[in-house]
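[1] All I have is the shape, not the residue letters:
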């Protein structure tokens, strides 16, 4: 297990470096002078040259690149152009809100999706199966902001069950929970669609295996058959999808935060976009991509834990 | 790469797409998707004849009017007809979705076939690129590219295409690696066929149907991404009507005018649903394990 872990960790390093290079290139895609793009048309020549110096734009490109890599690798993600705060501090300030939302969504997604998928697989081509397929198709078709806005319209505005504007920033825990219900359901139900679909197909393929027939013939109790022999073997594809889904989850939570006006990384990105705060955007891209790479790594490591065969490959 | 892009000659690809077509014919759910999609395409094509009003015509006298006999789906905050904007918006969604996927498909599958066929450092380079592309959350990559390039129709298409290259590389590369060791490729090589002919005429048709299935599913994703970017404000600039930007405008009036939000939401949903239905049905038809399954 140790060797497998170390090998996977080492494999992540080139991806991480390549990702940083991609961000470097991406930020330099801005047509013309980035400093002028950030400050707008009315900026004075002095302000422009000051910003260019601050950003190191007057240095040769390869020096800029090495400085950028050096900064990021030593934990310096730059400073927000609009308020001068360090990018990491900006992220750390709103991260708890995003984590709270994502965690609630994952709990809903796996808590509903896994049983629904297993149920559908066990009752294949009966109504639970059709219901789960219909629900997951619908969930997969909703862009996160569309479902979020419709929820807001129905449950907050028409029925008045929940606050229209997330009262999450107020200290009262009860109103915090109430503010979390709609955004978390929005994100969670979309995730449920993904998890249901893959648990169903994964369980179906496992249930047709010979060892399941053998176990059934042995007279094993159904619950044990499904959980210990079925689910455990069906977990790898499910894990893969949950891992791969992480990138989508980030995008969806950005949209959800915007719709429900919740503080978090989504609103931070939107603010950075509107303020043309490219250093903050660059830092946020790195933070998000690093998260995706780490989650992929953890997913791979989880394979080794779920399926002992993997680590000997 | 353009030498690879013309799709396979019909004779060479006859076998797989034909069986795919037959499997599709017997699938009723797929037909719902096809019918819906056809309807939306027709609406987009005949927009100038179908739209009851000019989608850009502002009229302050009819500001935020609820649905009525004159304006079936109501008017927005500039007094523009929501139905007409919805009809014209179909053009943008389909155009962006189709072109973005087409670009991603051409670049992605060409790179995938080349990587699988050539192997070695080129393969490693391409797969490294795929790993990097996959490490960015789709929406954020699109958002970043669109923000850097500036908001315009072309840039939006490019931004979305970039987010969708990686899956096409993967789906083309794996079968190429398996195919290049098969006897018929070996025989082609012995006959003196060049690598471009081998890849384009003999390898590409064998995966054409997989690529098409993927394209229909990713076109749904492209339309979702387009709508999301427009909603954030990075889409086609106003006053051009797109479904995402209509929802964005409606969102600012959410307390007063539900019709501004609900109708474009339904339009996006139906389009994505139609493409997903079609893509799923195509995929099931292709999957030999599911082929016997009754629907």
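    It's in. Note that the structure is a prediction, hence the values are computed from the model and not measured.
[2] Give the buried residues for stretch B:235-252.
    B:235-236, B:240-251 (16 or more other C-beta atoms under 10 Å in any protein chain shown). In this view, the C-beta of every residue, glycine as well, is placed from N, C-alpha and C.
[3] mind listing which of the residues you listed are in helices?
    Residues of these located in helices (DSSP state H): B:243-251.
[4] How are the strands of the stretch 201-313 of chain A distributed by residue range?
    With DSSP state E, counting those that start in this stretch, there are no strands along the stretch 201-313 of chain A.
[5] hmm, back to that, take the buried residues of stretch B:235-252 and write them to TSV, including pLDDT.
    Output for the buried residues of stretch B:235-252, formatted as TSV (pLDDT from 0 to 100):
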residue	pLDDT
B:235	80
B:236	83
B:240	83
B:241	83
B:242	88
B:243	88
B:244	87
B:245	87
B:246	88
B:247	87
B:248	88
B:249	87
B:250	84
B:251	86
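[6] Out of those residues, which are close to chain A?
    Contacts with chain A are made by B:247, B:251 out of the buried residues of stretch B:235-252, judged by C-beta under 8 Å from any C-beta of the partner chain.
[7] wait, what's in contact with residue B:168?
    Residues near residue B:168 by C-beta atoms under 8 Å, 6 or more residues apart in numbering or on different chains: B:104-105, B:107-109, B:112, B:211, B:214-215, B:218.
[8] mind running it again at 6 Å?
    Neighbour list for residue B:168: B:104-105, B:108-109 [criterion: C-beta atoms under 6 Å, 6 or more residues apart in numbering or on different chains].
[9] Could you report the pLDDT at it?
    With respect to pLDDT, residue B:168 has a value of 90.
[10] gap between it and residue B:217?
    Separation of residue B:168 from residue B:217 (C-beta to C-beta, to the nearest Å): 11 Å.
[11] Turn the ones in helices among the buried residues of stretch B:235-252 into TSV, including distance to residue A:227.
    What follows is those, written out as TSV (distance: C-beta to C-beta, whole Å):
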residue	distance to residue A:227
B:243	44
B:244	43
B:245	48
B:246	48
B:247	43
B:248	46
B:249	50
B:250	47
B:251	44
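[12] What residue, apart from its backbone neighbours, is nearest residue B:207 spatially?
    residue B:175 (4.7 Å; C-beta to C-beta, 6 or more residues apart in numbering or on different chains).
[13] measure the one you found to residue B:102 for me?
    Distance from residue B:175 to residue B:102, by C-beta to C-beta: 21 Å.
[14] Among the ones in helices among the buried residues of stretch B:235-252, which one lies nearest to residue A:298?
    Nearest to residue A:298 among these: residue B:244, at 33.3 Å, using C-beta to C-beta.
[15] Quick check: the residue nearest to residue B:207 is in a helix.
    Yes - using DSSP: H, G, I helix; E, B strand; the rest coil, the assignment for residue B:175 is a helix.
[16] That one and chain A, how far apart?
    Distance, residue B:175 to chain A, using C-beta to the nearest C-beta, to the nearest Å: 20 Å.
[17] For residue B:38, report the pLDDT, please.
    In this prediction, residue B:38 carries a pLDDT score of 91.
[18] in the helix or strand containing it, what counts as buried?
    Per DSSP states H and E: residue B:38 is located in helix B:28-45. Within helix B:28-45, the residues that qualify as buried are B:30, B:33-34, B:36-37, B:40-41, B:43-44, counting by 16+ other C-beta under 10 Å.
[19] Give the other helices and strands that that helix contacts.
    Under the contact criterion of 3 or more C-beta pairs under 6 Å, 6 or more residues apart in numbering or on different chains; DSSP states H and E, helix B:28-45 touches helix B:82-118, helix B:259-286.
[20] List of residues touching the very next helix or strand once past that helix?
    For helix B:28-45, the succeeding helix or strand toward the C-terminus, using DSSP H and E, is helix B:47-50. Helix B:47-50 has contacts (C-beta under 6 Å, 6+ apart) with B:87-88, B:91.
[21] so which of those also contact chain A?
    Subset of those in contact with chain A: empty, counting by C-beta under 6 Å from any C-beta of the partner chain.
[22] Next, format those as JSON lines and append pLDDT.
    Formatted as JSON lines, those follow (pLDDT from 0 to 100):
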{"residue": "B:87", "pLDDT": "89"}
{"residue": "B:88", "pLDDT": "90"}
{"residue": "B:91", "pLDDT": "89"}
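[23] I'd like those laid out as JSON lines, including neighbour count and distance to residue B:151.
    Formatted as JSON lines, the contacts of helix B:47-50 follow (neighbours: other C-beta atoms under 10 Å in any protein chain shown; distance: C-beta to C-beta, whole Å):
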{"residue": "B:87", "neighbour count": "24", "distance to residue B:151": "23"}
{"residue": "B:88", "neighbour count": "21", "distance to residue B:151": "18"}
{"residue": "B:91", "neighbour count": "17", "distance to residue B:151": "18"}
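[24] which one of these is nearest residue A:62?
    residue B:91 (44.8 Å).
[25] so what's whichever residue of chain B sits closest to chain A up against?
    Per C-beta to the nearest C-beta, residue B:139 is where chain B lies closest to chain A, at 3.0 Å. Residues near residue B:139 by C-beta under 6 Å, 6+ apart: A:251, B:228.
[26] so how far is residue A:18 from the residue nearest the centre of chain A?
    Compute the mean C-alpha point of chain A, and by C-alpha atoms, centre = their mean the closest residue is residue A:250, 2.9 Å away. Separation of residue A:250 from residue A:18 (C-beta to C-beta): 19 Å.
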